[in-house]
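Engineer: here is a sequence with its predicted model. Questions after.
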Amino acid sequence: MDTEVDGILVAAHELKAPLTVLRQLALTLDDTSMQNDEIRDEMVCVSERAIKQVNDLTKIKKLNDGLFEMEPVAVRGVCDDVTRELMYLFKFNRRDLFVKYANHSRLVTANAELLRSVVYNFLLSAVHYSGDGARAELNVSETRGKIKIAVRDYGPMLPSDVWREMKRGWVEKPTSVVMRPGSSGLGLYIASRFSRYMHADVGAVRHRDGSTFYVSLPVSKQATLWEM
Amino acid sequence: MIFVIDDDRIMAKCVARATGRDAKDVRIFGNVYDAINELSEELPEIIFMDVLLTGPDGFTLLNELSSYSDTAAIPIVIVSALNFAKADLSEYGVVGVLNKEKMLPEEIKEYVTKYTKRY
């Protein structure tokens, strides 16, 4: 099967999952009026994630047209923004999220919108590949003129096909849907494509008890603006 | 006690609500390891489980359950987006298969009514 068709199938599979959940929630809404508020919140949560994913997929087309400008981006601002948005999802899934900045925020040369999606998809993957009560860590550090954003999860080992793709440097295409749980690695594929567009190093480290995904971006030459 | 095993927590909660039991009578697990660990503490009356899970899949759990006489007797309902309708998994204790895309909350309740003493 060619890459494009395979990619479309994987995307369809990944988007089918939230639609299936929404259908169930809608059916439940009729039955249990006592829990309607909770169910409505869950419907919003599932819908927002699906919309985000569709938006990311549409951005891939724009990558080919070179429509994203590179600019100085404050890493801490992006990470704070994404963690705020996803905190609800971590709590809902009974995961803890710890954020650590090694020093003051630096500016990197990137596209803010794409970098945001990369961090978002790394964290979403951490939710998926962590066990109940497990923690995930977002670490931002600086080494040799580059800022490294790393997301560590503690859970079942990364599937070997996704691992092979990440080890090679980036995910060539979403992984096959044949034997894949809810996530087909589409988020990692999107993160990988966006990172590559920004000329960033992207990769993964496999641990005995989980994985770390990282992206490294060059520090912007523009005078650094220390954040509040 | 009812076990629901699904790595999509919201879907798991949908199934849990549809059982009609109080929240304290339904345990939700996101992976097979956690469910197996809990089996040593308490045997459920019925298990609703997805097949494609993060980490070991549902068949790993079916094998584990069918290996011991006490757990082999637990009725299991597969709740999956995959099509298992024609598969005969009764030797693993599977009493029913529900397609996530088409199932109705009433169908879950029916299994609870049929296979548990209290409903």
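Structural biologist: Yep, that arrived.
Engineer: residues of chain B that sit close to chain A?
Structural biologist: Remark: the part of chain B in contact with chain A comprises B:7-11, B:13-15, B:17-18, B:29-31, B:33-34, B:50, B:52-57, B:81, B:100-101, B:103-105, using C-beta under 8 Å from any C-beta of the partner chain. Every residue, glycine included, has its C-beta placed from N, CA and C.
Engineer: if you drop the residues flanking it in sequence, what lies closest to residue 87?
Structural biologist: Since you didn't name a chain, this refers to chain A. residue A:97 (6.5 Å; C-beta to C-beta, 6 or more residues apart in numbering or on different chains).
Engineer: try chain B instead
Structural biologist: Spatial nearest neighbour of residue B:87, excluding adjacent residues (C-beta to C-beta, 6+ apart): residue B:97 at 7.4 Å.
Engineer: buried sites along stretch A:133-153?
Structural biologist: Of the residues in stretch A:133-153, those with enough neighbours to count as buried (16 or more other C-beta atoms under 10 Å in any protein chain shown) are A:134, A:136-140, A:142, A:146-153.
Engineer: for the residue nearest to residue A:87, which three-state class applies?
Structural biologist: strand (DSSP: H, G, I helix; E, B strand; the rest coil).
Engineer: who's it bridged to?
Structural biologist: Beta bridges link residue A:97 to residue A:136, judged by DSSP bridges.
Engineer: contacts only, for it.
Structural biologist: Residue A:97 makes contacts with A:83, A:86-87, A:90, A:123, A:126, A:135-138, as judged by C-beta atoms under 8 Å, 6 or more residues apart in numbering or on different chains.
Engineer: buried subset of the residues of chain B next to chain A?
Structural biologist: The neighbour count (16+ other C-beta under 10 Å) marks B:7-11, B:13-15, B:17-18, B:29-31, B:33-34, B:50, B:52-57, B:81, B:100, B:103, B:105 as buried among the residues of chain B next to chain A.
Engineer: narrow the residues you listed to those in strands?
Structural biologist: Secondary structure defined by DSSP state E assigns residue B:29 of those to strands.
Engineer: low-confidence regions, chain A specifically.
Structural biologist: A:1-7, A:10, A:30-33, A:103-105, A:157-185, A:222-228 (pLDDT under 70).
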